[in-house]
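Trainee: from the sequence below, what's the structure:
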Amino acid sequence: MNAFRTLIVGFALIVGAAASASAQTSLTTLGGTKIDVQAQDGKVVILAVGARWLPLSNKQAAFTEALAKKYAGRDVVVYFVAADSTSPKSKNYASNDELREFAASNKLTVTILRDPDGAATLKKFGIDQLPSFVILDKRGSRVGEPFSGIDPKFDITVPISKTVDRLLQ
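Mentor: Numbers count the residues shown, from 1 in each chain. A predicted model of the protein is given here:
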């Protein structure tokens, strides 16, 4: 009986993990609207995942804005996903107003989404460091590996654009 119970529990854990891995990712805008980044009506999605406290966040914001301008009017949606904590007790805390200030000071016009502690986005899309960029195809599936880390001397928009252009063909 114990072996059977162990088998059932193990099966339930596997099914739960599979369901969690395939679940879509809904994040919240600074205005409180939920957005499912994997259900964007046949559009390619570029996720710039970062945090305002990171040393390279300003550079990531500039790259994000450049990509948004390049693909404006095309079947591409660009989001900045803030992995800053929503808990005031956290050392990585950022209020919505602080994120708005970050966007304004960096001339970032794309929609900012909150991932309260970065956990959902990092886990879902296999991100191992911040800042990162993730590309989702028109079905909402991740394309390739995340573009992780930013070298300020390298224009990361070039390889991202190659991938996006291929998906738009």
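Trainee: which parts of the chain are helices?
Mentor: 2-22, 57-70, 96-105, 119-125, 157-168 (DSSP state H).
Trainee: what is the shortest one packed up against?
Mentor: Think helix 119-125. strand 44-50 (3 or more CB pairs under 8 Å, 6 or more residues apart in numbering; DSSP states H and E). Every C-beta, even on glycine, is put in place using the N, C-alpha and C of the backbone.
Trainee: pLDDT averaged over the strand it packs on - what is it?
Mentor: Averaged across strand 44-50, pLDDT comes to 98.
Trainee: tell me what angle that strand forms with helix 96-105.
Mentor: Orientation check (axes from the mean of the first three to the mean of the last three CA atoms, to 10 degrees): strand 44-50 against helix 96-105 gives 110 degrees.
Trainee: how far does strand 44-50 sit from the chain's center?
Mentor: 5 Å (CA atoms, centre = their mean, to the nearest Å).
Trainee: pull the helix or strand with minimum mean pLDDT from this structure.
Mentor: Here the helix or strand of the chain ranked lowest by mean pLDDT, DSSP states H and E is helix 2-22, holding a mean of 38.
Trainee: mind checking how far stretch 125-134 is from the chain centre?
Mentor: On CA atoms, centre = their mean, the centre of stretch 125-134 falls 8 Å from the chain's centre.
Trainee: repeat for stretch 63-78
Mentor: Distance, centroid of stretch 63-78 to centroid of chain: 15 Å (CA atoms, centre = their mean).
Trainee: dump it to PDB, restricted to CA.
Mentor: Extracted in PDB, the C-alpha atoms of stretch 63-78 (Å, rounded to 0.1, in the frame of the first residue of the first chain):
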ATOM      1  CA  PHE A  63      18.400  48.600 -26.200                       C
ATOM      2  CA  THR A  64      14.800  47.800 -25.300                       C
ATOM      3  CA  GLU A  65      13.700  51.200 -26.600                       C
ATOM      4  CA  ALA A  66      15.700  50.800 -29.800                       C
ATOM      5  CA  LEU A  67      14.000  47.400 -30.500                       C
ATOM      6  CA  ALA A  68      10.600  48.900 -29.800                       C
ATOM      7  CA  LYS A  69      11.200  51.700 -32.300                       C
ATOM      8  CA  LYS A  70      12.700  49.300 -34.900                       C
ATOM      9  CA  TYR A  71       9.600  47.000 -34.800                       C
ATOM     10  CA  ALA A  72       6.900  49.700 -34.300                       C
ATOM     11  CA  GLY A  73       4.000  49.000 -36.500                       C
ATOM     12  CA  ARG A  74       5.000  45.400 -37.100                       C
ATOM     13  CA  ASP A  75       3.800  42.100 -35.500                       C
ATOM     14  CA  VAL A  76       6.200  42.600 -32.500                       C
ATOM     15  CA  VAL A  77       5.400  43.500 -28.900                       C
ATOM     16  CA  VAL A  78       8.200  44.600 -26.600                       C
END
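Trainee: right, I'll leave it there.
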